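*Asks:* I would like the atomic coordinates for the input below:
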Amino acid sequence: MVGWSEYPTHTVNSVMLKRRSFNQWLLSLPALGLLTSSQTLASQSRVLMKTIPASGQQIPAVGMGTWITFDHHPERVDLTQYVEILEAFFAGGGQMIDSSPMYGFAQQLLGATLPKVSQADSLFAATKVWVPGQQRGREQMQQSINLWGTESMDLMHVHNMLDWQAHWPTLNEWKNQGRIKYTGITTSHGRRHTDLLRFLQEQAVDFVQFTYNIHDREAEQRLLPLAQERGVAVVINRPFQGGGLFARVTNKPLPPWAAEIQCHNWSQFFLKFIISHPAVTCAIPATSQLSHMQENMLALQGDMPDSAMREAMIEYYQSVV
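*Replies:* Residues are numbered from 1 along each chain as shown. The predicted model follows:
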């Protein structure tokens with residue numbers, strides 16, 4: 001972790017230029033096809049790993065969401081674009097891919113593209129059950145496994161807490177059977193926090209997923225501390241506020257000191273703010289652009305802000321929006 005107090009208030013221009021030039025060169029490699037499976041972006045530098053409290057397993061702190069971006073029928077699109085995105089994701093050190101039956105054709109598209117990706121053996125597969133009724137939930141979960149083309153799922157969430165009382169016995173049963181490795185529950189858009197807090201207090205669960213970003217920080221008050229106290233891994237959805245954060249900082253410069261934690265664009269700034277929180281396990285930004293995926297994955301590398309710098313990041317963001 002980098003301490004805010006350790007840095008001067010200015011950064012030497014020549015150093016910034018060298019870092020930016022190197023960063024641009026590194027980003028260009030996957031697009032040019034210059035990285036092989038044994039010479040990946042992740043091999044260039046250590047990536048930030050976080051521990052899943054339930055097991056001690058470690059996963060990279062940046063994953064990938066599929067809401068909207070992967071909602072395309074695989075027979076009606078050119079799969080090349082999505083294979084390249086997944087290649088860049090795994091090359092950058094990523095593992096967790098998050099989806100849901102709610103996301104239209106996303107799971108079907110994943111099932112069609114993952115076999116074409118050379119590094120997909122490191123996949124941490126996460127999906128959700130999103131239907132009322134226990135039997136329908138069982139059928140939907142099995143369908144998801146079939147669509148992904150996996151034998152089991154690493155993580156099964158109850159999506160937006162929908163009929164969780166009916167699904168929770170099934171999730172625990174399937175976990176005991178080895179059909180899923182971890183259980184989880186989600187909410188999004190800052191909704192149902194009170195219900196989620198009560199759930200975390202009363203139920204044994206491995207993962208929880210909710211919204212948190214530099215603009216939407218309600219989770220800092222109770223959800224993040226409670227998850228950390230209860231030993232629950234935290235997955236963060238909407239890390240860019242569905243793209244809203246970028247709209248807020250259009251044509252706004254990063255602070256000069258952002259280069260000291262290797263942030264060369266706003267996506268890395270926003271992601272490092274999230275994944276540096278001690279209670280956060282993984283953030284899952286979604287994108288359908290190769291260059292954006294490469295930018296996102298570089299947030300796993302380099303120094304992370306400490307608590308003092310995180311406060312400075314908040315203050316700077318609030319000063320420009």
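
*Asks:* wait, residue 218 sits on residue 193?
*Replies:* Yes. Counting by Cβ atoms under 8 Å, residue 218 does reach residue 193; the two are 6.7 Å apart. To be clear about C-beta, it is placed using only N, CA and C from the backbone, and glycine gets the same treatment.

*Asks:* which one's more surrounded, these two?
*Replies:* residue 193 (16 against 13; other Cβ atoms under 10 Å).

*Asks:* pretty sure the more buried one sits against residue 224.
*Replies:* No. Residue 193 is beyond contact range of residue 224, at 11.1 Å (criterion: Cβ under 8 Å).

*Asks:* just the strands from the stretch 51-200 of the chain, written as ranges.
*Replies:* Along the stretch 51-200 of the chain, the stretches classed as strands by DSSP state E, counting those that start in this stretch are 58-60, 64-65, 96-98, 124-129, 153-158, 180-186.

*Asks:* now these as JSON lines including distance to residue 210, mean pLDDT and mean neighbour count?
*Replies:* Output for the strands of the stretch 51-200 of the chain, formatted as JSON lines (distance: least, Cβ to Cβ, whole Å; pLDDT from 0 to 100; neighbours: other Cβ atoms under 10 Å):
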{"stretch": "strand 58-60", "distance to residue 210": "18", "mean pLDDT": "98", "mean neighbour count": "19"}
{"stretch": "strand 64-65", "distance to residue 210": "13", "mean pLDDT": "98", "mean neighbour count": "28"}
{"stretch": "strand 96-98", "distance to residue 210": "13", "mean pLDDT": "98", "mean neighbour count": "25"}
{"stretch": "strand 124-129", "distance to residue 210": "13", "mean pLDDT": "98", "mean neighbour count": "26"}
{"stretch": "strand 153-158", "distance to residue 210": "11", "mean pLDDT": "98", "mean neighbour count": "25"}
{"stretch": "strand 180-186", "distance to residue 210": "7", "mean pLDDT": "98", "mean neighbour count": "24"}
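
*Asks:* what is the orientation angle of the helix or strand hosting residue 209 with strand 124-129?
*Replies:* With secondary structure defined by DSSP states H and E, residue 209 is part of strand 207-211. Orientation check (axes from the mean of the first three to the mean of the last three Cα atoms, to 10 degrees): strand 207-211 against strand 124-129 gives 70 degrees.

*Asks:* could I have the CA atoms of the helix or strand that strand 207-211 is followed by written out in CSV?
*Replies:* As assigned by DSSP H and E, the chain's next helix or strand after strand 207-211 is helix 223-230. The C-alpha coordinates for helix 223-230 follow below in CSV (Å, rounded to 0.1, in the frame of the first residue of the first chain):
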residue,chain,number,x,y,z
LEU,A,223,-22.6,-3.3,4.6
LEU,A,224,-18.8,-3.4,4.1
PRO,A,225,-18.0,-3.5,7.8
LEU,A,226,-20.6,-6.2,8.5
ALA,A,227,-19.4,-8.4,5.6
GLN,A,228,-15.8,-8.0,6.9
GLU,A,229,-16.9,-8.8,10.5
ARG,A,230,-18.9,-11.9,9.3
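
*Asks:* so for residue 268, which of the strands of the stretch 51-200 of the chain sits nearest?
*Replies:* Nearest to residue 268, of all the strands of the stretch 51-200 of the chain, is strand 58-60, at 14.5 Å by Cβ to Cβ.

*Asks:* so what strands line up beside the strand holding residue 209?
*Replies:* Strand 207-211 pairs in its sheet with strand 180-186 (parallel), strand 233-237 (parallel), by DSSP bridges.

*Asks:* and the next element down the chain from the last one?
*Replies:* Sequence-wise, the next helix or strand downstream of strand 233-237 (DSSP H and E) is helix 244-248.

*Asks:* figure out which of the strands paired with strand 207-211 is closest to residue 71.
*Replies:* That would be strand 233-237 among the strands paired with strand 207-211, by Cβ to Cβ, at 15.6 Å.

*Asks:* could I get that closest one in PDB with only the CA atoms?
*Replies:* The C-alpha trace of strand 233-237 is given here as PDB (Å, rounded to 0.1, in the frame of the first residue of the first chain):
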ATOM      1  CA  ALA A 233     -16.400 -12.200   0.500                       C
ATOM      2  CA  VAL A 234     -17.600  -9.000  -1.200                       C
ATOM      3  CA  VAL A 235     -18.200  -8.700  -5.000                       C
ATOM      4  CA  ILE A 236     -18.800  -5.100  -6.200                       C
ATOM      5  CA  ASN A 237     -21.200  -4.500  -9.000                       C
END
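
*Asks:* tell me the contacts of residue 191?
*Replies:* residue 160 (Cβ atoms under 8 Å, 6 or more residues apart in numbering).
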